[in-house]
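Asks: Got a predicted structure here, sequence first:
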Amino acid sequence: MVVNTDDKRILNCGTTDPNKILPMKYLWAREHYKKGVSNNWVPEEVNMQKDVETWKSKDALTEDERRLIMWNMGFFSTAESLTANNLVLTIYSHITNPECRQYLLRQAYEEAVHTDTFIYCCDTLGLDPREVYNMYNTIPSIKRKDEFVVNMTKSLLEPNFSTEGTENIQRFVHDLVGFYVIMEGIFFYAGFVAMLSFLRRNKMVGVGEQFQFILRDESVHLAFGTDLINTIVTENPEIWTEQFKTTITENIKQGVELETAYAFDSLPRGILGLNADTIAEYLKYIADRRLERINLKKVYGTENPFPWMSEIIDLRKEKNFFETRVTEYQTAGNLKW
């Protein structure tokens with residue numbers, strides 16, 4: 001029997017077997033999967049000795065720098081678990097396309113690696129896990145972000161939710177935007193800027209390198225998520241009403257406001273080379289990019305105050321073989337003879 005790829009759809013596809021991945025229709029899903037594999041890493045490959053020395057030193061970090069590091073550990077440690085749970089328990093079950101499911105499994109693995117990263121950091125630096133893993137309850141600006149995402153993705157968490165019908169497909173896309181565009185595409189980025197600014201100053205370089213790898217993974221997650229959203233809209237154009245587009249835009253704007261509040265909360269006085277006002281401008285800049293990526297009009301029109309962030313996403317990791325284990329896998333799966 002010849003399988004017609006035209007029969008494949010992201011949602012509500014009862015005409016193709018979700019276990020039969022070939023022939024593929026959505027080649028972008030396959031490309032994101034291969035890119036994830038080529039980016040493979042685990043936290044134990046990053047040397048943390050200098051970080052331990054810096055963290056234990058009384059003079060190497062200011063109190064504001066320590067606060068910023070702790071807050072980002074607190075937010076990311078639980079946010080990565082929330083992301084993994086949404087993927088495994090809800091999103092995967094509603095996607096009927098096998099090549100997209102293959103990528104979701106890859107992403108779920110990467111979320112597990114990210115969760116393991118914060119276990120590794122806590123253990124290595126001697127942080128109190130009860131403090132770190134409870135910040136989503138004790139820090140109001142972190143709690144508001146978590147509550148917003150949970151509310152934004154509540155349809156996915158309903159046990160009897162179905163993607164049948166126009167209204168339910170809208171609800172599903174609404175939640176995908178909350179999950180991929182706002183959670184992974186905006187809420188993570190004040191933390192990325194903060195932690196990577198330490199790496200640029202040659203402080204807490206082990207933690208910084210791990211955030212660099214997480215950012216590289218998240219950029220692929222975001223690319224997959226926006227391709228997924230755009231394809232669902234293309235296959236179900238009736239959901240893309242002016243009212244729905246306005247709702248999505250307002251949700252993204254609210255996400256920017258919450259992440260901006262977190263930036264000012266975690267960085268009240270600024271540190272060398274970084275302040276909350278500049279991060280706020282950056283959040284507006286990336287929000288416009290996220291809006292354009294899902295075919296919505298940009299809102300803010302700001303310039304990028306951190307052009308080095310784009311460079312860090314693509315930075316190839318080169319290490320002396322005798323100093324540390326190899327952490328760059330990009331060439332392993334891309335040999336050309």
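Replies: Arrived safely.

Asks: chain center to the helix of greatest length in the chain, what's the gap?
Replies: When the chain is scanned for its longest helix (criterion: DSSP state H), the result is helix 205-235. Going by CA atoms, centre = their mean, to the nearest Å, the spacing between the C-alpha centre of helix 205-235 and its chain's C-alpha centre is 5 Å.

Asks: Could you pull out the buried residues of it?
Replies: Buried residues in helix 205-235, counting neighbours by 16 or more other CB atoms under 10 Å, are found at 205-229, 231-233. Every residue, glycine included, has its C-beta placed from N, CA and C.

Asks: Look at the most centrally placed residue in the chain and tell me its secondary structure.
Replies: In the chain, the C-alpha nearest the mean C-alpha coordinate belongs to residue 184, at 3.2 Å (CA atoms, centre = their mean). Secondary structure state of residue 184, per DSSP: H, G, I helix; E, B strand; the rest coil, is helix.

Asks: So it versus residue 78, what's the distance?
Replies: The spacing between residue 184 and residue 78, counted by CB to CB, to the nearest Å, is 14 Å.

Asks: Residue 269 too?
Replies: From residue 269 to residue 78 the distance is 26 Å (CB to CB).

Asks: coming back round to it: would you agree the residue nearest to the centre of the chain is in contact with residue 225?
Replies: Yes - in this structure, residue 184 is within contact of residue 225 by CB atoms under 8 Å, at 6.8 Å.

Asks: Give me the more crowded residue out of residue 269 and residue 78.
Replies: residue 78 (19 against 10; other CB atoms under 10 Å).

Asks: count of neighbours near residue 283?
Replies: 25.

Asks: Now do it against residue 35, distance only.
Replies: 25 Å.

Asks: Equivalent analysis for residue 199, please.
Replies: 22 Å.

Asks: And residue 20, by the same measure?
Replies: With CB to CB as the criterion, residue 20 and residue 35 are 23 Å apart.

Asks: which of those two has more neighbours?
Replies: Between residue 20 and residue 35, counted using other CB under 10 Å, the more crowded position is residue 35 (19 against 10).

Asks: For the more buried one, which non-adjacent residue is closest in space?
Replies: Nearest residue to residue 35, sequence neighbours excluded (CB to CB, 6 or more residues apart in numbering): residue 220, at 5.4 Å.

Asks: isn't that neighbour right up against residue 36?
Replies: Yes - look at residue 220 against residue 36 with CB under 8 Å: they come within range, at 5.6 Å.

Asks: What residues of stretch 275-286 count as buried?
Replies: Result for stretch 275-286 [16+ other CB under 10 Å]: buried residues 276, 278, 279, 280, 281, 282, 283, 284, 285, 286.

Asks: Please state the mean pLDDT value computed over it.
Replies: The average pLDDT within stretch 275-286 is 97.

Asks: Now do the contacts for the residue nearest to the centre of the chain.
Replies: 83, 218, 221, 222, 225 (CB atoms under 8 Å, 6 or more residues apart in numbering).

Asks: Out of those, which two sit at the greatest distance?
Replies: 83 and 222 (11.8 Å; CB to CB).

Asks: re earlier: looking at the buried residues of stretch 275-286, which one is closest to residue 238?
Replies: Nearest to residue 238 among the buried residues of stretch 275-286, with distances taken as CB to CB, is residue 286, at 29.7 Å.

Asks: so where does that closest one fall, helix or strand?
Replies: helix 276-293 (DSSP states H and E).

Asks: Now do that helix against helix 205-235: the angle between them, please.
Replies: Orientation check (axes from the mean of the first three to the mean of the last three CA atoms, to 10 degrees): helix 276-293 against helix 205-235 gives 30 degrees.

Asks: Could you tell me how far helix 276-293 lies from the centre of the chain?
Replies: 15 Å.

Asks: who touches that helix?
Replies: 181, 185-186, 189-190, 193-194, 222, 226, 249, 252-253, 255-256, 259-260, 263-264, 267-268, 270, 297-306, 309.

Asks: Sitting in helices, which of those do you find?
Replies: The members of the contacts of helix 276-293 that map onto helices under DSSP H are 189-190, 193-194, 222, 226, 249, 252-253, 255-256, 259-260, 263-264, 309.

Asks: Now that residue 144 has come up, it's in contact with residue 257, right?
Replies: No - when contacts are counted by CB under 8 Å, residue 144 is not listed as touching residue 257 (9.8 Å).

Asks: Restricting to C-alpha, output stretch 199-219 in CSV.
Replies: Listed next in CSV are the C-alpha coordinates belonging to stretch 199-219 (Å, rounded to 0.1, in the frame of the first residue of the first chain):
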residue,chain,number,x,y,z
LEU,A,199,30.3,34.0,30.9
ARG,A,200,31.3,37.1,28.8
ARG,A,201,33.1,38.5,31.9
ASN,A,202,34.8,35.2,32.6
LYS,A,203,32.9,34.6,35.8
MET,A,204,31.0,31.4,36.7
VAL,A,205,32.1,30.1,33.4
GLY,A,206,30.9,26.5,34.0
VAL,A,207,27.4,27.6,34.8
GLY,A,208,27.6,30.1,31.9
GLU,A,209,28.6,27.4,29.4
GLN,A,210,25.7,25.2,30.5
PHE,A,211,23.3,28.1,30.0
GLN,A,212,24.8,28.6,26.6
PHE,A,213,24.0,25.0,25.7
ILE,A,214,20.5,25.3,27.2
LEU,A,215,19.9,28.4,25.1
ARG,A,216,21.1,26.6,22.0
ASP,A,217,18.6,23.8,22.7
GLU,A,218,15.8,26.3,23.4
SER,A,219,16.3,28.1,20.1
